[in-house]
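Pasted the sequence and its predicted model underneath.
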2 protein chains.
Amino acid sequence: MRGLTRRLVRVVELIERKRDGGTLTTEEIDYLVQGYTKGDIPDYQLSAFLMAVVWRGMDAKETAALTASMVASGERLDLSRFGRVVDKHSTGGVGDKTTLVVAPLVAACGLPVAKMSGRGLGFSGGTLDKLESFAGYRVDLTTAEFLAQLERIGIVVTGQTKDLAPADGLLYALRDATGTVPAIPLIASSIMSKKIAAGAHAVVLDVKVGSGAFMKDLASARALARAMVAIGVAHGLAVTCELTDMDQPLGRAVGNALEVAEAIETLRGRGPADLVRLARLAGAEMLVRGRKARDARTALARIDRALADGSGLAKLRELVAAQGGDARAVDDPRHLPHAPLVERLVAPRTAFVGAIAADRVGQASVRLGAGRERKGDPIDLRTGVVLHAKVGDRVERGQPYAEVHVAGRPDDESAIDQIRAAFRWSARRVAPRRLILGRIASR
Amino acid sequence: MRGLTRRLVRVVELIERKRDGGTLTTEEIDYLVQGYTKGDIPDYQLSAFLMAVVWRGMDAKETAALTASMVASGERLDLSRFGRVVDKHSTGGVGDKTTLVVAPLVAACGLPVAKMSGRGLGFSGGTLDKLESFAGYRVDLTTAEFLAQLERIGIVVTGQTKDLAPADGLLYALRDATGTVPAIPLIASSIMSKKIAAGAHAVVLDVKVGSGAFMKDLASARALARAMVAIGVAHGLAVTCELTDMDQPLGRAVGNALEVAEAIETLRGRGPADLVRLARLAGAEMLVRGRKARDARTALARIDRALADGSGLAKLRELVAAQGGDARAVDDPRHLPHAPLVERLVAPRTAFVGAIAADRVGQASVRLGAGRERKGDPIDLRTGVVLHAKVGDRVERGQPYAEVHVAGRPDDESAIDQIRAAFRWSARRVAPRRLILGRIASR
């Protein structure tokens, strides 16, 4: 690194400017991103720059420029022949299987769903892992397969292809290795670049807030939501961000096959209240953004019809079959993977559930094998937790409040202890938690 | 970088802790430094860590640990057979040729001087470059040559060997390329690790403050001084830091051969007041720290004798000859390199010098060829500036206030303009600048 070239010196100047709290132009940000993607700018300079961004932030213009540059680093799908395409994204939480419910519902309502999802990491689950509970389900469709399936059945849920926003993948790997993940402009641009590159015309985002989410408080969740809406507006996309509670797990099931089973039950009209509410809200918003309904009331009625008449469930069956999965599992849960052992946790005395620490439940599910600590780790689709009580519920002495699905791993006992410790009990009545905490949207 | 190894994950945790404002243990810091030096920890992780240190700082214990780890990365000279060895270091400034005066003076007083110096960078000159004005002077002595010369004539001034604190060299190169230079714990540990590895028992430091120094204000200079004294104390070294003015250049000459000529004049007893004062102060402190004088008054008297009786000048002659340089230049400046052209700047009207922006003079001297913008650039030993007036001096209309020694380079005109612009004039009397701004020292 002695005798810096002109290029490296220019990069140092950009790092220094950000370090000292200044802003970079669109061209300068593009220079960094494209230079790094091409291998012209070394990772040790980029990682120092990223830490300076964690420290100093980026303004809306810089964040939009970063997003545009990541989009420009690869292919951009043109889905306009399918009409308006609306994507859906959650920032991730514990037990968040909303996509598995919403995607078939809105597809059943005639809105094309072209979704690229991710895998789980840490306490946050991933849609791809969950879908693999359907034996044989493929998450590695080519772009041609992706488009053909969208054409044929109006729904596709697969992994992100490497050709879309490759700079995002490279930058994310570097952030992961350098403690530079938690910066709102970096998170927002990473999410939005993939949505834009994947051809979305509108995005409905669910920003989770609470112990089981990346954003621990409403203020930072709002900041992230504002950043994503601003990026969308700068790129001509309509964006809606719902801010929703992730202080307790969503629904009752946490763990891959368990969540799939719950999603199926929800599509049958028997879902837990919070999941149903969130799925209806997101689904209706997608229909409005996709101009399949003229207002929220009409949209909700259409979603409710797809729930009631089984067309949502039928669409899930179609999706699973189209991607090579065992669709029998949609109708018969015995075709989903099952853990060999189920341990029930029973209430030592009658009490109200005061809190369920979502982070602890999520960490416990990782210990049970249902999640991965690091990228590339294998996971166990069978294991997890089903909560029989949520915050505000009263549990009688001797009644089960949770069941833990275990595979017989060395850490099972400590995971079960952690789930037990996640519950806080109260002798007095406790109000249920508010689920919808706010909404930030473009026009 | 996908699928982080355990080692990389551990490094991420350390980066995150520093990023979030926490502290690292001595073992953790050593793990980072040794891991990086051995190549086990990649530079992209270290650079993110360094940026987090620029942001969050390091406490005294962490800074001492970083220093110790850099010392432990290589050899440590044992100079105890020479008695107490006192090193001298300046954080660098414009026209700072103090070492060229002080080293021969204290060596003439019987204190062994074993000095490893650096090259200039940016507006800050380097002792090695200046010494190369003596044709043939070698700055690449081996450790054996270094020790043999110290034994024989009691003075040696050469470049740092690669075996001392190699981690510091590696880290510095990375900092230089990643905008992570300006952090007090990093600066302090870099300086002190080299002094400790080079076998010093005490260090007399000159922390420059002002536009022509790295530290622009007294508060940060004090913080750096305190950090260095604390490191010294943690390692059993006596440390004195003088805080001195670098808002105008030191002495009159700026530029390598010009500064050597001024240092020689100073050793003849004809130096400019500020340089003489600083050299006497640093020299006396070195004698006290080296226990060659029982107090400051006695030490000053000995320094003054070495100035008056020519023994300091004789020691410089000996030094230059011992390291293969043309010692005739000590007695006859015609043997020093000379620029082909000298341009005089004359006062357009009678006025007092209100300020001389040291940074501008320094940048101008780089343009004239006397300094380098980047490591490894060649320099011109002949060029530079001689100031005929300093702050507070009155200059009559038509009288010269500076002369610029130029080599006929394309940037000469703009350099001369920059020197002109460095002077601020006042119709009213201006007080001379205070030279000594403070002192922070161990017991």
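Cool, the structure landed.

Write out the residues of chain A neighbouring chain B.
Within chain A, the positions lying close to chain B (CB under 8 Å from any CB of the partner chain) are A:1-4, A:8-9, A:12, A:15-16, A:19, A:42-52, A:54-55, A:173-174, A:176-180, A:374-376. In short, each C-beta sits where N, CA and C put it, glycine included.

Of those, grab the buried ones for PyMOL.
Only the buried entries of these go into this PyMOL selection, using 16 or more other CB atoms under 10 Å in any protein chain shown:
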select buried, chain A and resi 1+4+8+12+15+16+19+42+43+44+45+46+47+48+49+50+51+52+54+55+173+174+176+177+178+179+180
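
Restricted to helices, list the residues of chain A next to chain B.
Within the residues of chain A next to chain B, residues falling in helices by DSSP state H are A:8-9, A:12, A:15-16, A:19, A:43-52, A:54-55, A:173-174, A:176-178.

Hmm, A:I191 and A:Y172 touching each other?
No: counting by CB atoms under 8 Å, A:Y172 stays clear of A:I191, with 10.6 Å between them.

where does A:G384 fall, phi/psi-wise?
phi 150, psi -160 (degrees, to the nearest 10).

and it, what are its bridge partners?
A:H405 (DSSP bridges).

just checking, it touches A:R252?
No: using CB under 8 Å, A:G384 is not in contact with A:R252, being 10.5 Å away.

in stretch A:314-327, what counts as buried?
The neighbour-count check on stretch A:314-327 (16+ other CB under 10 Å) flags A:K315, A:L316, A:R317, A:E318, A:L319, A:V320, A:A321, A:A322, A:Q323, A:G325, A:D326, A:A327 as buried.

And the furthest pair within these?
A:K315 and A:D326 (16.7 Å; CB to CB).

ok, now which ones touch A:V386?
Neighbouring residues of A:V386 by CB atoms under 8 Å, 6 or more residues apart in numbering or on different chains: A:R252, A:A253, A:V254, A:L258, A:A402, A:E403, A:H405.

Dump these to JSON lines, plus distance to A:A144, pLDDT and neighbour count.
Formatted as JSON lines, the contacts of A:V386 follow (distance: CB to CB, whole Å; pLDDT from 0 to 100; neighbours: other CB atoms under 10 Å in any protein chain shown):
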{"residue": "A:R252", "distance to A:A144": "39", "pLDDT": "98", "neighbour count": "22"}
{"residue": "A:A253", "distance to A:A144": "35", "pLDDT": "98", "neighbour count": "24"}
{"residue": "A:V254", "distance to A:A144": "36", "pLDDT": "98", "neighbour count": "35"}
{"residue": "A:L258", "distance to A:A144": "34", "pLDDT": "98", "neighbour count": "31"}
{"residue": "A:A402", "distance to A:A144": "45", "pLDDT": "98", "neighbour count": "24"}
{"residue": "A:E403", "distance to A:A144": "43", "pLDDT": "98", "neighbour count": "19"}
{"residue": "A:H405", "distance to A:A144": "38", "pLDDT": "98", "neighbour count": "26"}
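
export those to a markdown table and tack on distance to B:G92?
Output for those, formatted as a markdown table (distance: CB to CB, whole Å):
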| residue | distance to B:G92 |
| --- | --- |
| A:R252 | 66 |
| A:A253 | 64 |
| A:V254 | 59 |
| A:L258 | 65 |
| A:A402 | 65 |
| A:E403 | 69 |
| A:H405 | 66 |
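
Of those, which belong to helices?
Applying DSSP H to these, the entries found in helices are A:L258.

Chain B: which of the contacts of A:V386 is nearest?
Ranked by distance to chain B (CB to the nearest CB), those are led by A:V254 at 24.2 Å.

re earlier: which of the buried residues of stretch A:314-327 sits closest to chain B?
The closest of those to chain B turns out to be A:Q323 (CB to the nearest CB; 24.3 Å).

Verify the contact between the closest one and A:I153 for me.
No: at 10.0 Å, A:Q323 does not count as touching A:I153 under the criterion of CB under 8 Å.

Tell me which stretches of chain A form strands.
Here chain A has its strands, by DSSP state E, at A:86-90, A:113-117, A:155-159, A:202-209, A:238-245, A:253-254, A:341-346, A:351-356, A:384-387, A:394-395, A:400-406, A:423-426, A:436-441.
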